[in-house]
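Undergrad: no sequence on this one, just coordinates:
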Ligand code: GLA
């Protein structure tokens with residue numbers, strides 16, 4: 001069953017009513033540009049075919065009730081109590097859809113809002129670093145934007161999603177995932193300047209080149225609401241302050257020798273990752289456009305090394321997946337997403353894909369790691385109304 005059908009069925013089962021409409025938004029893979037988004041840098045993600053769907057039906061009162069196939073009980077709150085409920089916290093998964101409703105009302109204060117039932121279903125793998133949270137945010141934001149006639153643009157809806165993530169869920173993330181999910185185009189990546197939020201679509205051309213994009217989910221769970229992600233963000237802010245700039249976007253590869261002199265070793269290496277990663281995103285866009293996807297392998301590999309050695313957000317499972325994929329003929333491979341677990345990606349000749357997958361599974365078994373989940377993804381369309 002598709003996520004759209006599952007959401008529609010859940011809404012019918014719990015409320016006994018039909019949906020006014022069904023909206024969906026995809027997860028994403030980041031091809032390159034990691035932790036650069038909150039440094040006002042460049043990223044190059046693409047939406048994938050795995051989607052989250054929200055079926056929405058208007059109510060006669062001012063209650064927002066959210067339900068999901070991955071939670072036992074619906075959660076409800078009246079619009080009048082929404083601010084307090086968000087401020088109090090403790091909403092668990094419901095913080096995503098309710099946070100979106102809350103952020104959307106603030107972003108569109110003139111919209112006439114009313115109570116709704118929202119049923120959510122998803123086939124985006126959770127905890128794999130494929131932005132299952134941005135997919136929830138994008139589907140609910142798109143649904144409420146239409147239902148409440150709020151008139152927000154896709155970029156504004158991406159901002160609404162990030163506000164929900166930062167202020168309702170409490171994860172200090174950037175805006176890459178929400179932008180990728182809202183703006184995805186089939187067979188293309190979204191080149192995003194996180195300073196201006198300007199985007200450009202970059203054709204990937206995997207299929208015509210005979211290439212497959214493999215996702216190797218390590219099944220090592222990560223969370224960005226705590227720990228390492230926040231710490232990395234703070235190091236980047238400390239690095240920018242030490243260099244006298246408002247964000248690391250303003251530091252170039254030529255500035256690195258000076259940065260090495262004025263920053264402590266750890267902060268310097270965090271800065272070096274961001275600065276070189278921004279350059280790698282620009283180089284990848286240029287390479288894709290001038291020579292096609294077969295020549296981006298070295299950039300992907302360099303990105304992984306930088307995250308492993310300088311930014312220190314990889315884990316042994318991610319390193320093993322990348323090394324094994326490369327040893328078995330992948331053109332390029334790297335961890336994707338926030339790190340500390342989640343998934344790695346590999347770009348592979350179609351005919352070698354099965355062998356690479358088998359080799360990674362065997363290598364994990366030999367190392368005593370939990371078995372990885374391996375699947376292919378296609379660059380797909382962003383958020384949309386389905387019904
Ligand atoms: C997570 C965050 C994004 C981004 C990536 C790292 O996916 O949600 O904003 O920072 O990590 O590139």
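TA: Done, it's in. Computed from a predicted structure; not experimentally measured.
Undergrad: And stretch 338-355, end to end?
TA: For stretch 338-355, the first and last residues are 27 Å from each other (Cα to Cα, to the nearest Å).
Undergrad: Tell me the gap between that stretch and the middle of its chain.
TA: Here the centre of stretch 338-355 is set off from its chain's centre by 17 Å, with Cα atoms, centre = their mean, to the nearest Å.
Undergrad: And stretch 204-211, by the same measure?
TA: Average the C-alpha atoms of stretch 204-211, do the same for its chain, and the two points are 23 Å apart (Cα atoms, centre = their mean).
Undergrad: From one end of that stretch to the other, what's the distance?
TA: End-to-end span of stretch 204-211 (Cα to Cα): 10 Å.
Undergrad: Show me what from the stretch 1-150 of the chain comes close to the ligand.
TA: 30, 34-35, 37-38 (Cβ under 6 Å from any ligand atom). (C-beta placed from N, C-alpha, C; glycine too.)
Undergrad: could those be laid out in TSV, adding secondary structure and neighbour count?
TA: Formatted as TSV, these follow (DSSP: H, G, I helix; E, B strand; the rest coil; neighbours: other Cβ atoms under 10 Å):
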residue	secondary structure	neighbour count
30	strand	27
34	coil	27
35	coil	27
37	helix	23
38	helix	22
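Undergrad: which SS state does the residue nearest to residue 383 when sequence neighbours are not counted fall under?
TA: Using Cβ to Cβ, 6 or more residues apart in numbering and skipping residues adjacent in sequence, the residue nearest residue 383 is residue 25, 3.8 Å away. In three-state terms, and counting by DSSP: H, G, I helix; E, B strand; the rest coil, residue 25 is strand.
Undergrad: mind listing what residue 25 touches?
TA: Contact partners of residue 25, counting by Cβ atoms under 8 Å, 6 or more residues apart in numbering, are 51-52, 134-139, 141-142, 181-182, 382-384.
Undergrad: name the helices or strands packed onto the helix or strand harbouring residue 346?
TA: Secondary-structure assignment from DSSP states H and E places residue 346 in strand 343-349. Contact partners of strand 343-349 among helices and strands, from 3 or more Cβ pairs under 8 Å, 6 or more residues apart in numbering; DSSP states H and E: strand 21-32, strand 211-217, helix 297-309, helix 316-327, strand 332-335.
Undergrad: The closest residue to the ligand within the stretch 1-150 of the chain: what's it in contact with?
TA: Relative to the ligand, the nearest point of the stretch 1-150 of the chain is residue 34 (3.9 Å; Cβ to the nearest ligand atom). With Cβ under 8 Å, 6+ apart as the criterion, the residues that contact residue 34 are 43, 277, 303, 307, 311, 313, 335-339.
Undergrad: Go again with 10 Å.
TA: With contacts defined as Cβ atoms under 10 Å, 6 or more residues apart in numbering, residue 34 is in contact with 41, 43, 45, 176, 273-274, 277, 280-281, 303-304, 306-307, 311, 313, 334-339.
Undergrad: before we move on, what about residue 362?
TA: Applying Cβ under 10 Å, 6+ apart to residue 362 gives the contacts residue 324.
Undergrad: Apply 7 Å and report the result again.
TA: Not one residue lies near residue 362 by Cβ atoms under 7 Å, 6 or more residues apart in numbering.
Undergrad: All set now, cheers.
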